[in-house]
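A.B. asks: Predicted model, plus sequence, below.
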Amino acid sequence: MRVVSIKNFKDDARVIVQLLQYHNKAYLQNIPSWNVQAGDIVICIAELRLGLLAQSCYAPGFSTLMANFFTTRSFSERKKYNDAWLMDYSRGTSLEMYARRMSDAFAGMTFTQACEFCYLRLKIVLVAIKTDSSDLATMPQVNPPPDCIAMVGSIGYFIADSTEEVERAMYYCALCHRDVDDPTQIKKCACQMEAEAHEDDELVKMVRGGAPPQQMTRARDDLYLEGKIWSFIRRYPTSPARSITEGQGESEPQLGVDPGSSIKRQPEKAQAQYDSTGMFHWCPGRPIESVLMSRQQAARAEFSGHIVICVISTPGSQIVGLHSFVLPLRSAVIKPEEIRDIVILSDHAFMRKEWQYILNLPRINIVRGTALNRADLRSVTLNTCKMCVILGAPSTGVQMVNVDNALIDKSVILATLNVRAMKFSEDEAVEMVSSQPPSEMGSVSETDSMYQQRKSMQTRARQTGYEVPLITDLIRDTNAQFLDQDDDDKPGTEFYMTQPYACGRAFAGTVLDLLMITSFFNPVIVNVFRTMIFGGASLELEKILAEGAGLIGGTNISKPAQLKNQVLVNQFSISSGPLSVHAESTYGGLFIDALVSFGRLCLGVYRKMDPTDDSSRAAKRFVITNPPEDFILDPTDLVFSLERPEIKTVDPKKGLTAFLSKREE
């Protein structure tokens, strides 16, 4: 209501709103004077938090990597750390993301050429680009395909340590700085005066908005979108789950599987369907009874390589917003055969409130139980899961009154310790067999290479709970001290410096609070973060969800997979494959080779705290964000990367050297 009051007083005022719950986002989108093109931004903490946790299921530690970009911290080489790993980790925490107009010297370069130039000459990382700066509704492209060419006035999105570093991309002059070897000497020259004036005009447009030249086109697009929504609501019921349960009352739900039958899960062979935007896998809505499973049925299903979500709830709990968690795991960049089963362990009465938001997303199973019961945990086969995420359903304000901070996260902490205390018998230790022989996965130049690599990194069955990959979502970051007794954190250590957070094993929404400040100075950066987290950002998707019909799809509504503006978060090993030549070599060499040869944009390293520890698969790893160019890689390192599913290899003739040679001619 405050937003309505502000817009009634001044309808063109730029408003930035922070929300706690995702389902409230639709109300802002429906305010008539709400204008994304004019710079209005809504930041949903729960949406971004759950999206980061979801991406961490495929790339453990990604939540820490990304969240460090949201904050403003400093790093000093003079500071002494007790542990060697803290120096490498702390250096990465000082990096931030900046938006700047790119120098005219970049005009005509492909994104790969521009990124290579920035890394080698300017010592910064270019992660995204917006070629049409005059269209405020155009989303930035993260690691775009090779046909993306930088234009005069393009906006770049960089990872750097300070504004002084990122301004090198704005001030670089092909005439004045061609022979400058020291990037700190790249300053504004006389040639930059005109470019600076042009940049000021563009930033004013970004912040204050302007008359969009595509107004008539967007109006026609809105009518087309409303037509698809009308077609969808005529064909499909409002909520299959709701219509069935209303007819049955509160009787015991009818389970979808025969308890006495063998129900070993197999990959679905049905033809893939996508939603109306082509960005996410879609299926017709089904009642919650068809996905409910008992403990016995879950044990018989023999899930493997799946993702377990444990939701700790009470009768009065608010919804978590699992829609934001499931969406990144159902992105269209993931091939149908690569989709992993999602197993939700929670109270089925609570899940009825969540189900209406995720009933159109495939391969979801709900097991009745709680993570506080070890038998329920055992039934979802934690020893063969890809990742286990423990979430706590938020309580109402009345329930939170006079509750000690240490007790707010009591349930998720106890559930985490419950998992850690588990031991698995030999009967449960069934190996997870890859469908592709390791010998056939060596070359990333093959078709569908990144998906084959994900298969090759499947995890074998585990013997103890300490080997289970686990992420705990906390409300109070100070409670991270209770998660693991083996951590050596001293009392009073800031959350971002604790081992659970640095290792990607714990997360708290409080680390996202500074995103409001970031969005004020760089309004479009929020869309870059959303693209990296959710695989793509689309105004059409936001408008559809604001209608309240959820994801829509079906005949004459669904689109083919739209991969052009989507990016895949991946984590690959350098111990095998063509990039293994960089093991025990420099990170800078790996960065350039991965970018130029395979279109992979590396963001950081996931390293063992003790690289010599090969006695256990549960060895702790920590996040190193964008290490220095001369950083020496270890063969056990895993590398974070952003990849394009349509890019197999990059033509070496289109590299930076070829571009500069052509310019000199």
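C.D. replies: In hand now; what should we look at?
A.B. asks: if I read this right, D489 contacts T498, doesn't it?
C.D. replies: Yes - under the contact definition of CB atoms under 8 Å, D489 touches T498, with a separation of 4.8 Å. For the C-beta atoms, the positions are set from N, CA and C on the backbone; glycine is no exception.
A.B. asks: quick one: common contacting residues for these two?
C.D. replies: Listed as contacting both D489 and T498 by CB atoms under 8 Å, 6 or more residues apart in numbering are 480-481.
A.B. asks: Would you mind telling me which of the two has more residues around it?
C.D. replies: A side-by-side neighbour count of D489 and T498, using other CB atoms under 10 Å, places T498 first with 22 against 17.
A.B. asks: Looking at the closest residue to M609 other than its chain neighbours now. What's its pLDDT?
C.D. replies: Leaving aside its sequence neighbours, M609 sits nearest to K620 (CB to CB, 6 or more residues apart in numbering; 4.8 Å). According to the predicted model, the pLDDT of K620 comes to 86.
A.B. asks: check contacts around K620.
C.D. replies: K620 sits next to 499, 503, 608-610 when contact means CB under 8 Å, 6+ apart.
A.B. asks: Okay, and which of those residues map to helices?
C.D. replies: Q499 (DSSP state H).
A.B. asks: Tell me the buried residues within the contacts of K620.
C.D. replies: Neighbour counting with 16 or more other CB atoms under 10 Å marks 499, 503, 608-609 as buried within these.
A.B. asks: ok, now how distant is the most centrally placed residue in the chain from N527?
C.D. replies: Averaging the C-alpha coordinates of the chain gives a centre point, and the residue nearest to it by CA atoms, centre = their mean is I533 (2.5 Å). Taking CB to CB, to the nearest Å as the measure, I533 falls 11 Å from N527.
A.B. asks: In this structure, spot the strand with the most residues.
C.D. replies: Among all segments of the chain classified by DSSP state E, the strand with the greatest residue count is strand 601-608.
A.B. asks: Give me the neighbour count for A375.
C.D. replies: Taking other CB under 10 Å as the neighbour definition, A375 ends up with a count of 9.
A.B. asks: cool, and the one 10 residues further on?
C.D. replies: Burial measure for C385: 25 neighbouring residues, criterion other CB under 10 Å.
A.B. asks: Just confirm it contacts L470, I think it does.
C.D. replies: No - using CB under 8 Å, C385 is not in contact with L470; the gap is 9.5 Å.
A.B. asks: Could you name every residue contacting both of those two?
C.D. replies: The contact sets of C385 and L470 do not overlap (CB under 8 Å, 6+ apart).
A.B. asks: And the longest strand of the chain, what does it pack against?
C.D. replies: If you count contacts as 3 or more CB pairs under 8 Å, 6 or more residues apart in numbering; DSSP states H and E, strand 601-608 packs onto helix 84-93, strand 125-130, helix 587-598, strand 621-625, strand 638-643.
A.B. asks: got a list of what G321 touches?
C.D. replies: Contacts of G321 were listed using CB under 8 Å, 6+ apart, and they are 21-23, 46-47, 50, 354, 357.
A.B. asks: can you check L382 too?
C.D. replies: By CB under 8 Å, 6+ apart, the contact set of L382 is 308, 388, 419, 422, 424, 462, 465, 468.
A.B. asks: same thing with A272?
C.D. replies: For A272, the residues meeting the contact criterion (CB under 8 Å, 6+ apart) are 281, 336, 561.
A.B. asks: By mean pLDDT, point me to the weakest helix or strand of the protein.
C.D. replies: Within the chain, no helix or strand scores below helix 240-248, which has a mean of 40 by mean pLDDT, DSSP states H and E.
A.B. asks: mind listing what the following helix or strand past it pairs with, with the direction of each?
C.D. replies: In the C-terminal direction, the helix or strand that comes right after helix 240-248 (DSSP states H and E) is strand 292-293. Here the strand partners of strand 292-293, with direction, are listed using DSSP bridges: strand 364-368 (parallel).
A.B. asks: what sits up against the partner strand?
C.D. replies: Residues outside strand 364-368 that contact it (CB under 8 Å, 6+ apart) are 288, 291-295, 297-298, 301, 303, 326, 341-348, 351, 355, 358, 376, 379-380.
A.B. asks: residue boundaries of the strands in the stretch 101-250 of the chain?
C.D. replies: Counting by DSSP state E, counting those that start in this stretch, the segments of the stretch 101-250 of the chain that form strands are 125-130, 141-142, 155-160.
A.B. asks: Ok, which of the ones you listed comes nearest S597?
C.D. replies: Nearest to S597 among these is strand 125-130; the distance by CB to CB comes to 17.4 Å.
A.B. asks: chain center to the closest one, what's the gap?
C.D. replies: Average the C-alpha atoms of strand 125-130, do the same for its chain, and the two points are 17 Å apart (CA atoms, centre = their mean, to the nearest Å).
A.B. asks: and that strand, which strands flank it?
C.D. replies: strand 141-142 (antiparallel), strand 155-160 (antiparallel).
A.B. asks: With mean pLDDT and distance to Q485 as added columns, please give those in JSON lines.
C.D. replies: Rendered in JSON lines, the data for those read as follows (pLDDT from 0 to 100; distance: least, CB to CB, whole Å):
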{"stretch": "strand 141-142", "mean pLDDT": "88", "distance to Q485": "39"}
{"stretch": "strand 155-160", "mean pLDDT": "92", "distance to Q485": "35"}
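A.B. asks: Please name whichever of the ones you listed is nearest to A13.
C.D. replies: With distances scored as CB to CB, the stretch of those nearest to A13 is strand 155-160 (23.5 Å).
A.B. asks: still on that earlier bit, and the buried ones among the contacts of K620, which two are furthest apart?
C.D. replies: The most widely separated members of the buried ones among the contacts of K620 are Q499 and K608, with 12.9 Å between them, by CB to CB.
A.B. asks: Might you report the residue contacts of the closest residue to C118 other than its chain neighbours?
C.D. replies: With CB to CB, 6+ apart as the criterion, C118 has its nearest non-adjacent residue at 4.5 Å, and that residue is L126. With contact taken as CB under 8 Å, 6+ apart, L126 is in contact with 111, 114-115, 118-119, 156-158, 169.
A.B. asks: Let me have those residues in JSON lines, extended by neighbour count.
C.D. replies: As requested, the contacts of L126 are exported to JSON lines (neighbours: other CB atoms under 10 Å):
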{"residue": "F111", "neighbour count": "28"}
{"residue": "A114", "neighbour count": "25"}
{"residue": "C115", "neighbour count": "26"}
{"residue": "C118", "neighbour count": "25"}
{"residue": "Y119", "neighbour count": "20"}
{"residue": "G156", "neighbour count": "26"}
{"residue": "Y157", "neighbour count": "25"}
{"residue": "F158", "neighbour count": "25"}
{"residue": "A169", "neighbour count": "25"}
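A.B. asks: what two of the residues you listed are the furthest from one another?
C.D. replies: Y119 and Y157, at 14.2 Å, using CB to CB across the contacts of L126.
A.B. asks: Tell me the helices and strands packed up against the strand or helix carrying F520.
C.D. replies: According to DSSP H and E, F520 maps onto helix 515-521. In terms of contacts (3+ CB pairs under 8 Å, 6+ apart), helix 515-521 is packed against strand 16-19, strand 41-44, helix 525-534.
A.B. asks: Pull out the buried positions in it.
C.D. replies: Residues 515-516, 518-519 are the ones in helix 515-521 that count as buried (16+ other CB under 10 Å).
A.B. asks: what do you get for stretch 405-417?
C.D. replies: By neighbour count, with 16+ other CB under 10 Å as the criterion, the buried positions of stretch 405-417 are 408-409, 411-413, 415-416.
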